[in-house]
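Colleague: I need the structure of the sequence given here:
(one chain, ligands or ions: 2)
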Amino acid sequence: MRVSMIGCGYLGAVHAASMAEIGHDVVGIDVDEGRISALAAGRAPFFEPGFEEVLSRNVASGRLRFTTDISAAEGCQVHFIGVGTPQTPSGAADMTYVDSAVDALAPHLGGFRGGVEIVVGKSTVPVGTAARLAERFEAAGATLVWNPEFLREGFAVKDTLEPDRMVYGLPADPLRAEAATAVLDEVYGPILATGVKRLTMDYATAELVKVSANSFLAIKISFINAVAQICDAAGGDVTALAEAIGLDARIGHRFLRAGIGFGGGCLPKDIRAFQARAAELGAGEALAILDEADRVNLRARSLVLDKARQMLGDGLDGARVAILGAAFKPDSDDMRDSPALEIAGLLAAAGARVAITDPQAGAILAEQDREGLEVCATADEALRDADLAVLATEWRQFTSIDPARAASLMRRANIIDGRNSLDAGAWKEAGFTYTGMGRR
Ligand SMILES: NC(=O)c1ccc[n+]([C@@H]2O[C@H](COP(=O)([O-])OP(=O)(O)OC[C@H]3O[C@@H](n4cnc5c(N)ncnc54)[C@H](O)[C@@H]3O)[C@@H](O)[C@H]2O)c1
Ligand SMILES: O=c1ccn([C@@H]2O[C@H](COP(=O)(O)OP(=O)(O)O[C@H]3O[C@H](CO)[C@@H](O)[C@H](O)[C@H]3O)[C@@H](O)[C@H]2O)c(=O)[nH]1
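Modeller: Residues are numbered from 1 along each chain as shown. Ligands and ions are numbered 1, 2, ... in the order given. Below you'll find the model as predicted:
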């Protein structure tokens, strides 16, 4: 099938390559020329394990191409939309990219002659967006399906090709819905053949599934981080606690890792956009729980500053602090709303000399030349002469650091384990003063 993908960022580039991987003839379209020229050359413009192989293989086979020319979408049967929906200053989603993509795409719709043409929305949007856009697409000769994406960065290819579930948000007209479902089922044929659950529902419910899933994950993380604060106050160990409560199958262990909290291009902005939309709908109070989850999450970042002050009794001014990690999570170079980066900024603003290192995001950070941050190529370089180290992103390269080696490099052996990922006993044995988040 001929498929277009509008928006080739973390979601779109991986989706385009994955659609080619399952046999489609795909054109990826984006307004960012630099990104398109990298992708067209088979080079990943961001770090995502396994992505470059799938990309380059399909570009080489001729099944996958990239362009900035939206008219290349003409004649495709399926058009995916995956442009960004970042946060506006009010917290609401910025819909300007979706709206301009729709404006650009609409004149090129209706050109597929072999059957039903569909537009498939994948961006995370405020509830009501699909209903607002559907008529416009129908007038242009295509049916809209809202098909939210649940991939995680770091596992993007696997999550796209082997998702936990597929959600189709469909128009109210049953004939239109049935025809569009058949087309999307054909696109996803090889994925659906694995037996994955495919759920059909109305547009609004599909849009709400996406933001509810991310909100639930955010609340789960903030819950354990709130309990971590009590563990700190009462002298408990949140890691042992999470292990125990997670054994209840109704709770489960996943997303119960306490630490410096959630960041990235999704969870923080999605809970704020969900709240903003709920308020527009007159139901803002219903989601007050998300305000609290956000507050607990940001508090986890500032707690690291308090812990650093406590550890370095003589103050932060002039102290050298090594921050291990800059990306919002390991196996990614994404620094959008990264807790690691915010903590680095807080420490620098408090007078510390901050040395930061990250296996993938480090090179990007070095180019940005951020004031007050010394970007180091290796952990050794960052740790040298440091008075304190903060584990901020649990890259394997950092969790496997030999504490005796770290002690030999540092001026003073202090460590804050911001991801509760280190062997506390081993670090203490090597002479470190250790503190985790809700764990000593
Ligand atoms: N990153 C993820 O893991 C992920 C997962 C699920 C859902 N989402 C959602 O998917 C959407 C995209 O997220 P992302 O992380 O890929 O963002 P991103 O910023 O990495 O990519 C967005 C891309 O859209 C392009 N773009 C903007 N306007 C355009 C236009 N008019 N025409 C063509 N291209 C245009 C940008 O140049 C950019 O390359 C968001 O709504 C996000 O919430 C992201
Ligand atoms: O127990 C945990 C689990 C995660 N995190 C943090 O939470 C953030 C988000 O992690 P994760 O959800 O794995 O990454 P994303 O790639 O942002 O994926 C989320 O956001 C995507 C975009 O909407 C969705 O598609 C995914 O399903 C959803 O997991 C990161 O900063 C993690 O460090 C924790 O602090 N503790």
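Colleague: which residue does the stretch 251-400 of the chain bring closest to ligand 1?
Modeller: Going by CB to the nearest ligand atom, ligand 1 is nearest to residue 265 of the stretch 251-400 of the chain, at 4.6 Å. From N, CA and C alone the C-beta is placed, and that goes for glycine too.
Colleague: could you find the closest non-adjacent residue to that residue?
Modeller: Closest residue in space to residue 265, ignoring its immediate chain neighbours: residue 336 at 4.0 Å, by CB to CB, 6 or more residues apart in numbering.
Colleague: contact partners for the one you found?
Modeller: Residues in contact with residue 336 (CB atoms under 8 Å, 6 or more residues apart in numbering) are 263, 264, 265, 328.
Colleague: so which of these are also by ligand 2?
Modeller: Here is what survives when those are matched to ligand 2 using CB under 6 Å from any ligand atom: 263, 264, 328.
Colleague: got CSV for these, with pLDDT too?
Modeller: Rendered in CSV, the data for these read as follows (pLDDT from 0 to 100):
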residue, pLDDT
263, 98
264, 97
328, 98
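Colleague: count the neighbours of the residue of the stretch 251-400 of the chain closest to ligand 1 for me.
Modeller: Counted by other CB atoms under 10 Å, the residues lying close to residue 265 total 23.
Colleague: ok, back up a step: could the ones next to ligand 2 among the contacts of residue 336 be laid out in JSON lines, adding neighbour count and distance to residue 35?
Modeller: Written out in JSON lines, the entries for the ones next to ligand 2 among the contacts of residue 336 read as follows (neighbours: other CB atoms under 10 Å; distance: CB to CB, whole Å):
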{"residue": "263", "neighbour count": "23", "distance to residue 35": "22"}
{"residue": "264", "neighbour count": "21", "distance to residue 35": "19"}
{"residue": "328", "neighbour count": "29", "distance to residue 35": "20"}
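Colleague: so which of those belong to helices?
Modeller: Secondary structure assignment by DSSP state H places none of the ones next to ligand 2 among the contacts of residue 336 in helices.
Colleague: nearest to residue 116 among those residues?
Modeller: The shortest separation between residue 116 and any of the ones next to ligand 2 among the contacts of residue 336 is 35.7 Å, and it belongs to residue 264 (by CB to CB).
Colleague: does ligand 2 have contacts with stretch 80-96?
Modeller: No - residues of stretch 80-96 are not located near ligand 2 by CB under 6 Å from any ligand atom, the shortest gap being 10.0 Å.
Colleague: let's have the chain start at 31 instead
Modeller: I'll keep to 31 as the first residue from here, and by that count the last item is stretch 110-126.
Colleague: span of that stretch from start to end?
Modeller: Across its full length, stretch 110-126 reaches 17 Å end to end, with CA to CA, to the nearest Å as the criterion.
Colleague: pull out the buried residues from that stretch.
Modeller: By neighbour count, and taking 16 or more other CB atoms under 10 Å as the criterion, the buried residues in stretch 110-126 are 110, 111, 112, 113, 114, 115, 117, 121, 122, 123, 124, 125.
Colleague: picking up where we left off before, make CSV out of the ones next to ligand 2 among the contacts of residue 366 and add distance to residue 421.
Modeller: Output for the ones next to ligand 2 among the contacts of residue 366, formatted as CSV (distance: CB to CB, whole Å):
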residue, distance to residue 421
293, 15
294, 18
358, 14
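Colleague: is ligand 2 contacted by stretch 323-342?
Modeller: No - legend: contact between stretch 323-342 and ligand 2 by CB under 6 Å from any ligand atom is lacking; minimum distance shown is 8.3 Å.
Colleague: got the buried residues for that stretch?
Modeller: Residues of stretch 323-342 classed as buried: 323-324, 326-327, 330-331, 333-335, 337-338, 341-342 (neighbour count, 16+ other CB under 10 Å).
Colleague: from those residues, pick the one nearest residue 184.
Modeller: Each of the buried residues of stretch 323-342 was scored against residue 184 by CB to CB, and residue 327 proved nearest at 19.4 Å.
Colleague: any idea which helix or strand comes after the one helix or strand the closest one maps to?
Modeller: In this assignment (DSSP states H and E), residue 327 forms part of helix 318-341. From helix 318-341 onward toward the C-terminus, using DSSP H and E, the following helix or strand is strand 350-354.
Colleague: how many neighbours does the residue lying closest to residue 341 once chain neighbours are set aside have?
Modeller: Leaving aside its sequence neighbours, residue 341 sits nearest to residue 444 (CB to CB, 6+ apart; 4.8 Å). Using other CB under 10 Å as the criterion, residue 444 is surrounded by 21 other residues.
Colleague: rewinding a little: show me which pair in the buried residues of stretch 110-126 is furthest apart.
Modeller: Greatest spatial distance in the buried residues of stretch 110-126: 110 and 121, 26.8 Å, computed using CB to CB.
Colleague: and the closest residue to ligand 2 within the stretch 31-180 of the chain, which of the three is it?
Modeller: Proximity of the stretch 31-180 of the chain to ligand 2 (CB to the nearest ligand atom) peaks at residue 180, 4.3 Å away. The three-state label for residue 180, taken from DSSP: H, G, I helix; E, B strand; the rest coil, comes out as coil.
Colleague: then residue 120?
Modeller: Criterion first, three-state DSSP; result for residue 120: coil.
Colleague: that one contacts residue 306, doesn't it?
Modeller: Yes - because the distance of 6.3 Å satisfies CB atoms under 8 Å, residue 120 is recorded as touching residue 306.
Colleague: what segments of the stretch 331-470 of the chain are strands?
Modeller: All strands of the stretch 331-470 of the chain, identified by DSSP state E, counting those that start in this stretch, fall at 350-354, 383-387, 403-405, 418-421, 444-447, 463-465.
Colleague: how far does the fifth one sit from its chain's centre?
Modeller: When distances are taken as CA atoms, centre = their mean, to the nearest Å, strand 444-447 is centred 26 Å away from the chain's centroid.
Colleague: go on, the first one?
Modeller: Mean-position distance between strand 350-354 and its chain equals 24 Å (CA atoms, centre = their mean).
Colleague: quick one: list the elements packing against that strand.
Modeller: In this structure, strand 350-354 makes packing contacts with helix 369-379, strand 383-387, helix 409-413, strand 418-421, judged by 3 or more CB pairs under 8 Å, 6 or more residues apart in numbering; DSSP states H and E.
Colleague: picking that back up, now distance to residue 43 and mean pLDDT too, for the strands of the stretch 331-470 of the chain, in a markdown table please.
Modeller: Shown next, in a markdown table, are those (distance: least, CB to CB, whole Å; pLDDT from 0 to 100):
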| stretch | distance to residue 43 | mean pLDDT |
| --- | --- | --- |
| strand 350-354 | 28 | 98 |
| strand 383-387 | 26 | 98 |
| strand 403-405 | 26 | 96 |
| strand 418-421 | 30 | 98 |
| strand 444-447 | 34 | 98 |
| strand 463-465 | 39 | 98 |
